[in-house]
Each structure stands twice: as C-alpha cells, then as structure tokens.
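> kindly return the folded structure for what I paste below:
(chains A and B)
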Amino acid sequence: MKRATVIVCLLIGFLGLSSAPLFAQAKVLIRGKVLSSTDGTTLPSAPVFEVDKDGRIVTTAVSDLDGNYSMLVTNTANKLTCKYIGFKPKEVLIGGRTVVPISLDEESVTLREAVVTAKKQVQAGMMNIAERDLTSSMVRLDTKEIAELSSASIDDAIQGRMAGVDVFASSGDPGAGMSIRIRGTTSINGNSQPLIVVDGQIFEASVTGFDFANASQEEYSQLLNIATDDIADIAVLKDAAATAIYGSKAANGILQITTKRGNVGPPSVGYTYKGTTSYQPAAIPMLSGNQYSTLILESVLNAGVQMDMSANPEFAYDTNNPYYYYNYGQNTNWIKDISQLGQTNDHSVSIGGGTSKVRYRFSAGYWDQKGTTVGPNFNRLSTRMNIDYDVSEKLRFSADISYTHSTNYRNYFTDIRSRAYTKMPNQSPWEYTDTGILTSNYFTPQDNQQGTFTGSQTSNYNPVALSQEGNLDILSEKIIPKLNLTYIISPTWRYTLDIGFDVGNDKTKGFLPQTATGLDWTSVYVNKATETDAEGFTMQNYHKLFWTPKLGDKVNLSVLFGANSTSTTSESYSTSTANSASSLLQDPSIGGRVIGSTEFSINSGVSRDRGVALFSQANISVLDRYLFTTTIRRDGSSKFGPNYRYGDFPSFSGRWRVSGEPFMKSFSKWLTDLSIRGSWGFNGNEPTKNYLQYSNYSSYNYNYVGYIGTYPTSLQLSNLRWEKTTQSNIAGNLILFDGRINVDYDYYFKSSDDQLFPNLTLPSSSGFATVSFMNVGRMDNIGWELSIQTTPVKSKDWIFNVNFNMARSQNFIRSLSKYVSTESGSWNQNGSYLTRKILNQPIGSFYGYKYEGVYLNEDQTIAVDKNGNQIYTYDANNNYVPLYMKFGAGTSVDYQFQPGDAKYKDVNKDGNINYQDVVYLGDNNPMFFGGFGTSITWKRQWTINTFFNFRVGNDAVNQVKMNMEKMYDYNNQSMAVLRRFRHTYETAEEVAAAPTDLLPRALYNTGFNWLGSDRFVEDASFLRFRSLTVKYQVDSRFLKKFDVRALSLWFTAQNLFVWTNYTGQDPEVSANGYDTGMAPRQKDYIVGLTLNF
Amino acid sequence: MRNLKKATIFAPMALIALFSSCDKWLTLQPEDGVIKDNYWTTKEEVLASTIGCYSSILTTGIDMRMYLWGELRGETLMPNLLTSANGQAVQAIMDGEIVPTNTLCSWDQLYKVINQCNTVIDFGPDVLKTDESFTPAKLASYQAEAVAIRSLMYFYLVRTFRDVPFQTQAIVSDDQNLQIPKTDGSAILDSLIEDVEAAVPSLPTSYGLDPAENKGRFTAYGAYALLADMYLWKEDYANCITNCNKIINSGKISLLYADNSLMRYQNIVDNALTGEKDTVYYAYESSISDFFNKMYYVGNCDESIFELQREVDFPNYDYWTLFQPSGYLYANTTALRELYFLPSEVDRGVIDIRGEGVSYKGSFVWKPMGISRDGAALSTIRTRATMTGNPIIYRLAEIYLIKAEALVQQAKALQAAGDTTGTMYQTLNEAWDLVKTIRDRSNATETTDLCSQVKKVTDLDCTTMDKFVYEERIREMMFEGKRWFDALRYAKRNNYGGPGSPGLVYLNNMAVYGASAAKVTSLQTKLKNHDFHYLPIAQDELDANKVLVQNPFYK
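Model (predicted):
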C-alpha cells in the first residue's frame, strides 16, 4: 500500500511540475480590456491566456468587473487568446504592444448536436486503425448491448455475444467464476485463459508467483473487477496477427477493454442504479430422514454386513436412547436451511466533460451483493479518474487512476451446498436435549457414520453452523495508475511513453469454528484462524515511436517501433493458528496454538519476474484496396533458463477490399464493403510460475533428532521453453446496404506446439512426483466463426436489429511427450470414465460401459452367448451348471453379478464384463456454440432486447446424478433412489411389470453399480434465454422542466429459461465435461434506472 | 522509403545490443529458497541434506506405506467395514482384489527419499573443495548413512514389488533420462548388499549421548541389522549370522527385560529337558507395563537398533488415520487369540505379555496407539496430537530371531546334505536357545511352545523348529510391519519348495483369517500364482514411465 501512495505522490508531483515555467526570461507587463465587438460592452471575468507558438499556455490572467486585465508576458512574440461563453474564441498577436485590447465576436449560432462522419477508429493492439481497414481478426462488442445486465464481472455479460468466444460458468454456485475460451480449448491441460489488456496495459488478474494464484477461476473473476459502467468498448483479438504485438503472452487471444474518457463539453453527470433480486431454482428433491435411514440399513445389509444398532444409534430410532432419538430422528432439509433470497444493489455515478485543453471523467461505483447461499456477500467500491491534458500542440499527456476496494465475504468452504445435499437428513442442525427440547446450540457430533472432520471440505461438518459462523473473507485493494505522454516531434514522427503500475493487495481471513466441526478442543482444526496477505506490484512501461510519412494520396504507411519492459513482484505472508479460547476470537493474532502441527504455520514468500520486448509494426494501405500489416516482436523473459530465454514472434496479415476495385463499381449501390482477409502469425505462452529453471532447496519446518533437514523441492527445468502457437486465418467481410447487413466469416487453423502442461506426473523414480510445467506436445485447432448483424427495419418510429453469431472449433492432438499419460480413468472403478489422448483425435471423449438396466432375478445373471442362449458348463464335480455373469473375471477383481445389480452390455458375449466391453460414449466438445439476440426500438423511447445463447452437440457426464443415485456410502441421495431394486422379479408377469426406470439395489461400499456408463452421459446441448430487457426512455422535452437531460428506466430478467434434454441441474458444465454443479445458475430480476444531468 | 530501409538495417543491430545487456536483468533467482548452484558449499549443508532424508520419510508418510506393505496382506489386521473411502483400498488388498489404481500400490514417495540420498552421495564430495573444515572421513560417514537409508528404501521396494527401477544417480534436471526400466529384484538386492557392506566401516557406532539420535540415525548396528535382514531374504545364511553376531556381541545393545531384575517372581515348574525341578522367573504386572512404556510409548529403549523419530513437532497422523477409534484398521482378535496368543492350559497364572495390552487392546492395534498397558482402552489411547510413537524398524529381539531362522535353514541344509548328527543338532539347539531367550522374557505360555515335548537335543527337528521360529516372529513382531514379508520369505524359500519348506502353506493359512469369508477361496487360488505375491505398479507410474512394464499378474 505504501508503494501505491508513493506512486500517487509522484504522479501528482509530475502534474504540478509540468505547469511550472520551464525557463525564466525578461517579462513584459501588458494590460488591456476585453470587449464585445458588437456593442463594446466590457466582459468581466474573462480568462486571457498567453500562448506560445506550439499552443502551450504560458501565463494566464482574468479580467476584472470592468473587463480590465493585466499580465506579465514572458515573450512578446507569443499570442494572447481569450474564450468567453457566447463569443467566438479569439487570438491576438502581442507584437511589442503593452496595451492589447481584445474584442470578441458574438457567436451567432447556438450549439447543436454535431454529426461526426469520420471512420470509426479502433485500438487494434497498439495502433489505432480504422475498423474497415483491419487486416486481422478482431471482434468488438458495444457495451450498450450489455448495459442493462447485472454482473459484477464483464465476462459473465459477454457470454455468447461474440463469435468464437466461449464463456463457461464453472459452476452455478454464487460467486463462482467463468472461464473464457477464445477459439476453443487450445491446450492439452494448461491454461487457456486469454490475456486481458485494459487501456493498453496488461491487467494482472491475480497476484502471480504463488500457488494460490492459480488456485481457482473464482479468484480470477473476483479480480476482473471493472465496473461495467466504466467500459466503453470490449474487443476480442483472435488471430495471431492481431495479438502478435503482445508476443509471448498472447497465444490464447486477447480480451481488450477500453474505459470511457471525458469529452469536450459542459460537465455531464450520470447516475445508474441496478437492483437485482436473485433466487435459486428448485433444488434436487432429496430423501427425507426416514427414507434415508431405510436406504442406509438396506444398503449395509445388501453388502452383507449386519449393522450393530448399539454401535450405530444414529439409525436405531430408539426411544430408550432419547438423545439419539431426537437428534437423529429428524427430517432436515439442509438445502433449505442454507438458502436465501439473493439481493444486489449496484450504484454508479460519473461526471465527465472538458475543454479543448483538458478533458476529464470521474466515476465511482458501489456494488453490494448478497448471495443465494447463507454467508456469501460481495461488496465493492470502485473509482476511476481519467484525465487528458493537451499541454501544447506538441505535448499531450493523460493520467488515469483507478482504485477498487472489495470485500468478498465467503463461507469457509465454497462447496457448502454440495455438503448440504449429501448430509444425513435424519440429523438435526440444532441440538436436542435428551428430553426432546430444541436448544440453540448447533448439533455437530465429533463423528458419526459420515466420518470425522479431517480438514478437507469433503469431510463431515455441519453446513448450517459453517454458513452462519465460519468465514473466509477476501479483502482486496487494487490501484492502477497509468501515465501517458505523447510528444509530436514532427508531422511524421510521434513518440509516446506509457508508464503503468498495478498494485494489488489481497488479504484473506478465514475462520473455521468449532461449532461446525464438533471436534474436541485439542484438535488442530478447532477455531482455526488463518490470515494471508499477498501483495502484487507490477510496473510496465512502453516506449513507442510512430512514423507516418506522407506518401501521397494513394499510399498510407504507418510504422511503429517500440520497446517495453515489465516487472512483477509478489510477496505474501500468512499465518495459521488454532485453538483460540472461543469461537468469537477469530483473528490469528489473538493467540491460539501456533506450533505442534503442520496445520499451523507462519509462511512468507517472494517471487519476481521480468520481461523485456522490442517490437515493430507496419501498416500499409495502397489505393484503399490493398492493405498489409506486419509485426515482429522479440521477447525476453526471466522465467526461462539461458538456453530458451528469448523468442521471436512475427506475423503478417493482409486485406483486399474487392468492393473497392473499379470492376465492382456497378455494385456499389448496395455493396458497401466486400473484403477478403488473410493472416499468419506466431505467438507464445509462458508458464505462470517463476524460477522453474532452477533446482531449488527448501528446509523442513520441524526437526529430526535435533537437526533441520533440507530437501530439493524441484527439478531443474533446463529445457523449459515458450509454448508456440502458429495461427493462420482466412476471412471475409461483407457489408451491404450501408451497414444494414454485416457478415463476418473467419476460418482458422491454429497449432500449438511445445504445449505447457502443468503439474505433469513424472516417473517417480526420478525422485520428483510432479513437475510444475513441461513442454509436452502439439495440438491443432481448426474452426470457423460466423457473425451476422442486421437491421431489417429502420424507420422513424421503428428500429429492429437482429444479431447472430456461431462458431465451431475442433481440436486434434498431433504429438505427445512420452511423459503424458494417454489414458486416464479406470475400467474397474466405480464412477470412473476412461478418457484417452489419441494422436490425431480430439481430446474430451468419454469411454465406458453401456448400461442396460438391472438384473431382475438370478436367471438373468446367467451369461448368454451371441445367439441369446444361456451358457451352461460342467463344474469340477461334473455337474451341469450355469455360467453366471461376472465383472473382471480372471483379474484381481472378480465379482459375480447378483440380482439387483446394474447390468452392463456384454459387447463381446464372453460372460465377463471387463475393459473389452468399454465403448465410446460421448464427447464434450460442442459442435457449435454461439448466441443470437434481437433489439426492437419504438419511437426512440421503448426498447425490448432479448438475448439467447446456445451450445449444440456436446455430451456431459452427469456426475451429480451419479453421486445422488449411487447408494454406495452414507451420503444422502435424491428421491430417484426410491425407484431402486428392492426385491427380485421372479415370474414372467413380474418381470414384465417391472418398472422400466428401476435403479440398481443399494449396496454399501461394494459392487459395481455405478461404473462409468452411458447411464450418466447425456447430451448437454442447450438453448438458454439469457436475458430479456424492457427499457423506457423518458421524453427529453418533458425532462427539460426538471433540468434533466436523460432518464431511462428498465427491467431485465436473466437466465429465464433453458431448453435442453439434459436432466441435470444445468447443462452449462465446465470445460472438462464433468457436471459437478449442485446449483443451477440463479435467476435474476433487475430493475434499473439511468439519470443524466 | 529510404528511411524505412535504414530502419530495417539498424533495428536488428539495436536489438542485439539491447538484449545482450538484458541478460543480467532477466536473471532472477528465488529469494525464499536456495538453488542448487549455491548449495553444497558447507559441511552443515551436507548434514542438513542427510537429515532431510529421514525427515522426508516422515513427511511423505513412507512409514505408513512400509508398515502396510509389511502387515496388511497378513492376517493380523481387519478392516473396519463401516468406514468409507480409505477402508476400501485396505479391504481390497486384504481380499486380494488388488488393482493398479489402489492408492496403496503407489511407491512414489520412496523414490523421493532415494533421490535425496543420491544427492548426498553425488554432491557431498563437492563440499570438500569449498569447506576446508570438512573431512573425507566425515563425508564418508554421511555418504554411508545415505547409502543405508537408500538401501532400506530399495529393500522395501524389492520385497513389495520385486522388480523396480533402480536409480543410483542423483536426478537434478530434465536433461537427464527420467524414464528408466525395471531392474531384476535379485540383482538389486545383490547391489544393495554390496553397497551397505562397503558403507558399514564408515558408519559410527554412536552419535553421542542422545538416544534419539543413536536410534534415529543409521549407526553401524543399524546397517548390520539391515544386512542381516537382506542376507536372510537372499538366503545367504552364513553372512546373515555373521552380521547378527556383530550386533549381539557388541555389548552396546541389549534385550529390554520386563523386570529391572528386582521385579521378578519365581515359579517352580518341570523342566522337561533335564527332568529336574527348575526355577523360572516371570515378570510382575507392573514391570510389564514399564516394559511397554519404554519400548513402545517412550521409544529408543536399549533394545532398539533403528527407529524413526516421531515427535510432537511432527506426529504420526497416518497411523492415526489407520488405527484411531473410528479408523479403518482393527486388530483381528479372532486370529490372534486362536493362533498366537493361546492361554496357558495349566493355570500357572501367567500370560504371554506380548498379547493383550501390548500388541493389541480390545480390537485396537496397541503398539502404535497405546499410552499405557493398563487402564481402559479408550482412556489410554493416543490422540491425534500425541501420535509420537516411533515406528521401530529393527530391534535386537528381531536380530535374535533372524539369527535363529538362519540357523534353522543351515540345519536344514545340513540335513539335506545327509548330516543328521552333531553339527545339525548343535545348530538347531543354538536356534532353540535364541527362541527361548525371547520367549522367556515374555512369559510365553507352554501352549505355544512347539518344542515342549523335546527332552534332549536330538529330539529337535528342522521342520518343527522352522515353524517355531516363524510363529515366534509373529508373536514378537506383531504390528511392527513385518508379517507379510516373513510369510513371503518362508513361502518363496528354495524357489517355493524344497524339503521341509512350507511352500504356500503359511500363505494359504493366512488367507483364511485375512480375507473376508467370501473371498478366501479366490484369494487362495490367486496365491498359487507366485507373481501375485508382489503388488502391481501403480497406474500413474505406468502412464508417466512408458518403459515400465506392469508386473506379470496384473497385466
């Protein structure tokens, strides 16, 4: 924080200095009168400036009540200028005079709305290029489209709106983050998140260098905290030509955010309010306490174990043991007990304006969110100030500073909802006395059948107690100051300097109360308090030299030379103690136990990384029809050893505007633009961790026979190098009827070589179980993107827009390191699907068994041959006996199927279910994904926006269903298990009458009833009604009476409906295709208003 | 355009100039650790690295793995069927339903220790150049310690998996070959024996006055014990006995008696051998408790040779997970009472002190879990934070029994060679004396005395003595992580056969009590395949190391 203050001081100091006179000179006193040229009246309080030949203000004065002014001018060769409201600005030469009257001409016309017809310039990488002249692949999103949505983080809002940009919700749990994929999954196992660039500066999404930095995507979204109201423009740079200027960091594409700046004009004040009410859709119906107890006893008995009721009084329902009878005789709905109605308030205020010299915009926002689970709360205060100051015609600078303060109050464990689902429903959340009186104490036994709390979030605790008493709060501060200086050397040469800082502080405070775990007071988890302080400091600077020679009308050339360096330091400090005297004493500094366990610790760490780069870009346009861009960047990074420290990243791209050719002239009436683009480029990606090129030694934090031991912590990665991505792109742009129809089509081929694979398992004979990163192989992505934007109706009263985008992306593994496991999962373990990495095949396919229902009786468990006849054989005693179906016969797992067991398809008809019966079940890669939306505006007052997003053709493993129906442990199960097999179906009539949706029998801790099979693989295609907005813009003539410029009111509903055949909670599952989300996305209803003065 | 040309010429030159000066700026070293290039400069670092090998055994829970590999496939333990998750892996092993994904088949952590030992051996000599106070003798001692630890790790691997990758070079960089194939188990064993024999002269017999250090680090005695054990596995009985004698005759390590000499009482019984009344001493109850306290609760007793030091700083959470009241392993009391701790038929008022209250208490595995021999189990069981019991790797009683076993095998060899006279009986008698010493200390009951009918030396026979030593080992070393290795050693002897060898008999008997009732037959069938006596290589390992081949039974 200290560092931030210093930076702010420095910035302010710089501002102060720049306005001080640069050199002293003999000064001359001049005076005069400011008059109106029309009637000669004197003008009081009129500002008078002495301006030098570059337009820089040197001295100022203000006229008095009689219009007189006097000032000491530094140079009589300078000019005097004066501006006065209602008059035209005037410039007067001093020219040796000491009395200089200034007469101003009255302005005859009143200010009118100006219509700007210039071509839209967009920031493309590091240069501004007219959008129609882009040679690379880039897609923009107008923030107006997402202004009425409610989301703390912009990634949620852009979902489905840009072709080729896929956004996944990693889970529907409140506060869970999103993962962004530009052009599909490009990594075998590594990071596919894009680089984020805010106002030309790389945004550090997390405090890097520590393990917790890549802990979860949740943190990621938590830190992508830019108020949506401050964003002017979001662009996604997709192909390598667009991203090459960011070289080694840009292989996953770039999400480029530009914030709003002040405009010339009187101060304009805006206020926006959004109020959101969120609720969780209906929960999965779960068993009641009684149903659950029946199930457990049945499953244990089926497993051949007689449960001893005296040792397990939890299931005895014994009135002679009243304490257990009351505390374990309930029908608790744990989910209901931890759910609530969510509420969000979002306020933002901004003020902006400026003169031709100075433009400013200041904004402040406050976001306050209460989640739909008891406990989590998120609030954020954000401010941003952007100032542009034109010192002179040669020198300009801008200073931006943004500050965000946020507090994310979370539950100690984030998957508390999952625990609530599986918690024994016959257990009471609050303790009963043995006379049946309900107390206000949480009922948290140290252990019962569901186990003892062992520190992990999957072990046994009381979710209600944890949601009420436990916490894991993250307090973040983030300051991003940025300074930009532009010096115009000559009409053809321009130099800019950008210096940016990114200071982030995260303080995480956690407390795990004894009341939630029920452990005895000496346990290391009792009243465990943790505190972590992490500080990240990044400094970036860019030197850029632009050269735009005048080469006549037919050729436009602009060249950029640049150099850049970045330096990041992360520091952290953490403490963890336990056993404070009371659950009210929650800070580790209060004094708890600090030694005696590895659970307690005092840790600190420092991590640094640095990068340098030289880059150059040239754009050339000939006859406005042939456009060509080339970029080269050389990068150096401290993350690699001497052999692989530097990398070169070139790219080329071009555009042929076919519609500009003379022979196309006859179509120009309706054909506004038709272009063909092509690009080729080369990017890199670097590991997220530092110091991997060294073998590092650490020491243990306890002694052995009085000495502290040391050990090598990491393998020295001498061969670690950049991940290299080559990308080719061919595209077409078609604009018809003056922009009424816009069609963009991109086809790309992307190849990522030397893929960085994190936490790769090594042969342990090396002495190292895993390695942080290793380059492991090549993966190709082929795909296309289509985006259509149309305005079918545009009349005085009606505007109707329809936008549509969709994309397809396919990946193929082309080569793999010998260290990478090509098959994961196991054919003989419940719940496990085989996944394979096969050369020239996509990753993401599931393999498993075909589920064929349940064996209804013993007869059905006899194996059949390929003709459908039962197989009989002679046993050792020469008896003619049937051959029963087995699982894994001949291996160490040798299980004979019993009536009531799950039946799997015996593909090879050998009477034995094993890996030979494993077949392809599905693939989690979508065939297409995208979105579409409509917008109808009537009389510029009423607007209705709808937006849909979709994904087609992907399969998902419904792991929630698996966990809720497996009947294998003491976890509570869904109501579906009431359809379980409970008796054999002997006669033909019984078999015929058996329910078709019968589930296998309950079987505690044994059997193979939930092997990875198609029973849990489902088509997860969906179409989601993402949002509906109705907006009313109040008539401005009416508003004039109240001095209000604009007022609009709106109502938005988010996540209204999903069309899908998927039976799980939400078909929008995480990128790996395993649906573990217990909570579907919440539905939000938003009321909002925007007010402008 | 000419400017542009100039730029294209100068830009690369500027590039080169700029980047060469960047090298220094881009060289960053970690600030919260030491990199290898800056390590290995002082003798203290060599010591710290040597100690780190022991620490890693504890940190990574290797002691639990060593324990379970040695004990689990026997019959002394039973799984708690009503606990989930972890219990499944254990139960699967006990039932013989062993799959490569079973978490207990993972060997990864042992190699971490092996690599640490290798770094001490490989990089220790560098320190001689930089630290003048470091002597070659001191270096040799540290290296010998590392050799001993490494050999211990490999010895466990060879007994559990038979053929394993044999890495004796320090791995520091990804430049090295990280994928090495399996080496034949017997070749590894030979190599280990050679290494330890070479290292023993450099090892001290004592590290000073602190018993924790003397028992917690490898001394020469620890290395002799390891050698004796390895020679026994290799069926080289002469060398085995030589090494046993080095410990027994050292005078530095003595059996811990339960009496402190005063606390004994007499009992007059028939001495069958001589036909006269003799005086036999039995320990008092109170001194048995003292015995338990010294040997298992406090640890590092006089009898101990090598044990891993678990302290309050770093308690044995893994054992806690296994054996706590709601843990997933119990003592198989049925087997223990029916097979090994039979009550005395004649009421002589004594019980085998190694049974109830020492090895087990109720159904708890008591050696690692007990605070005291007396008192109710639940009030004298350790808590998670006080799991400070040291896993004992070698103690003198085992050396007695190793020697006895080797002697019996030598006698068998003599018998097979046709010598049924003096030398054979003398050898058997020597073994019998050793067994008796161990039994007498523990008040062993006559019901478990297989030689109770022996009147004279010539009544001894090899087969009975063979079984007697075997069973005595179970009683003495129960729950100390030796059970399965003992049974396997007896089974595999002379290529699973030969005269007087039990072959698969012991293993089959064990299956009856070890596996759950429904699995006994299938387990016995699997045991017929000798490859099944070794665990499969973990699936992760096969995935990461493409030159590894799965062990034969599990292909």
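
> tell me if I'm right that A:W680 and A:I730 touch.
No - A:W680 is not in contact with A:I730 according to C-beta atoms under 8 Å; the separation is 9.9 Å. C-beta here means a position set from N, CA and C on the backbone, and glycine is covered the same way.

> got phi/psi on A:T444?
phi -130, psi 90 (degrees, to the nearest 10).

> contacts only, for it.
By C-beta atoms under 8 Å, 6 or more residues apart in numbering or on different chains, the contact set of A:T444 is A:461-462, A:465, A:515-518.

> likewise for B:Y257?
B:Y257 touches B:283, B:291, B:441, counting by C-beta under 8 Å, 6+ apart.

> how many neighbours does the single nearest residue of chain B relative to chain A have?
Nearest residue of chain B to chain A, counting by C-beta to the nearest C-beta: B:N115, 2.3 Å away. By the criterion of other C-beta atoms under 10 Å in any protein chain shown, B:N115 has 26 neighbours.

> surely it touches A:F768?
Yes - using C-beta under 8 Å, B:N115 is in contact with A:F768, at 7.4 Å.

> between those two, which contacts overlap?
Looking at what touches both B:N115 and A:F768 (by C-beta under 8 Å, 6+ apart), the common residues are B:I171.

> buried ones in stretch A:540-554, by neighbour count?
A:540-542, A:544-547, A:549 (16 or more other C-beta atoms under 10 Å in any protein chain shown).

> no wait, stretch A:525-544
By neighbour count on 16+ other C-beta under 10 Å, the buried set for stretch A:525-544 is A:525-542, A:544.

> repeat that for stretch A:904-922.
Buried residues in stretch A:904-922, counted by 16+ other C-beta under 10 Å: A:904, A:906, A:910-914, A:917-918, A:921-922.

> stretch A:461-477 too?
In stretch A:461-477, counting by 16+ other C-beta under 10 Å, buried: A:461-474, A:476-477.

> likewise stretch A:304-317?
In stretch A:304-317, counting by 16+ other C-beta under 10 Å, buried: A:307, A:312-317.

> so which of the buried residues of stretch A:904-922 is the closest to chain B?
The closest of the buried residues of stretch A:904-922, once distances to chain B are taken by C-beta to the nearest C-beta, is A:N914, at 11.8 Å.

> excluding chain neighbours, what is closest to A:T355?
Of all residues beyond its chain neighbours, the one nearest A:T355 is A:V264 (6.4 Å), with distances taken as C-beta to C-beta, 6 or more residues apart in numbering or on different chains.

> does the one you found touch A:S356 like I think?
Yes - contact criterion C-beta under 8 Å: A:V264 and A:S356 qualify, at 6.1 Å.

> wasn't A:S621 part of a strand?
Yes - assessed by DSSP: H, G, I helix; E, B strand; the rest coil, A:S621 belongs to a strand.

> next, the residue most central in space within chain B: secondary structure please.
For chain B, B:I393 is the residue whose C-alpha lies nearest the centre (C-alpha atoms, centre = their mean; 4.9 Å). For B:I393, the assignment made with three-state DSSP gives strand.

> any idea how far it lies from B:G222?
8 Å (C-beta to C-beta, to the nearest Å).

> identify the residue nearest the residue in chain A that chain B sits nearest to in space, chain neighbours excluded?
Per C-beta to the nearest C-beta, A:G767 is where chain A lies closest to chain B, at 2.3 Å. Leaving aside its sequence neighbours, A:G767 sits nearest to B:N115 (C-beta to C-beta, 6+ apart; 2.3 Å).

> are we agreed that the one you found is in a helix?
Yes - under three-state DSSP, B:N115 sits within a helix.

> quick one: pLDDT of it?
On the pLDDT scale, B:N115 is placed at 95.

> so what's it up against?
Contacts of B:N115 (C-beta under 8 Å, 6+ apart): A:712, A:766-768, B:167, B:170-171.

> where does the stretch 401-550 of chain B dip in pLDDT?
Residue ranges of the stretch 401-550 of chain B with pLDDT under 70: B:420, B:499-500.

> quick one: the helices in it?
Along the stretch 401-550 of chain B, the stretches classed as helices by DSSP state H, counting those that start in this stretch are B:422-441, B:462-477, B:483-496, B:505-514, B:520-527, B:539-544.

> can I get the ones you listed in CSV with mean neighbour count?
Formatted as CSV, the helices of the stretch 401-550 of chain B follow (neighbours: other C-beta atoms under 10 Å in any protein chain shown):
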stretch, mean neighbour count
helix B:422-441, 20
helix B:462-477, 22
helix B:483-496, 20
helix B:505-514, 20
helix B:520-527, 17
helix B:539-544, 22
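
> got CSV for these, with distance to chain A too?
Putting the helices of the stretch 401-550 of chain B into CSV (distance: least, C-beta to the nearest C-beta, whole Å) gives the following:
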stretch, distance to chain A
helix B:422-441, 28
helix B:462-477, 24
helix B:483-496, 16
helix B:505-514, 14
helix B:520-527, 6
helix B:539-544, 3
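
> these: which one's closest to A:E661?
In terms of C-beta to C-beta, the element of those nearest to A:E661 is helix B:539-544, at 57.6 Å.

> A:G641 versus the residue nearest to A:G767, what's the distance?
When B:N115 is compared with A:G641 (using C-beta to C-beta), they lie 21 Å apart.

> repeat for A:N345
Remark: distance between A:N345 and A:G641 (C-beta to C-beta) = 51 Å.

> could you redo the buried residues of stretch A:540-554 as JSON lines and give each row secondary structure and distance to chain B?
Converted to JSON lines, the buried residues of stretch A:540-554 look like this (DSSP: H, G, I helix; E, B strand; the rest coil; distance: C-beta to the nearest C-beta, whole Å):
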{"residue": "A:Q540", "secondary structure": "strand", "distance to chain B": "15"}
{"residue": "A:N541", "secondary structure": "strand", "distance to chain B": "13"}
{"residue": "A:Y542", "secondary structure": "strand", "distance to chain B": "15"}
{"residue": "A:K544", "secondary structure": "strand", "distance to chain B": "14"}
{"residue": "A:L545", "secondary structure": "strand", "distance to chain B": "10"}
{"residue": "A:F546", "secondary structure": "strand", "distance to chain B": "13"}
{"residue": "A:W547", "secondary structure": "strand", "distance to chain B": "8"}
{"residue": "A:P549", "secondary structure": "coil", "distance to chain B": "7"}
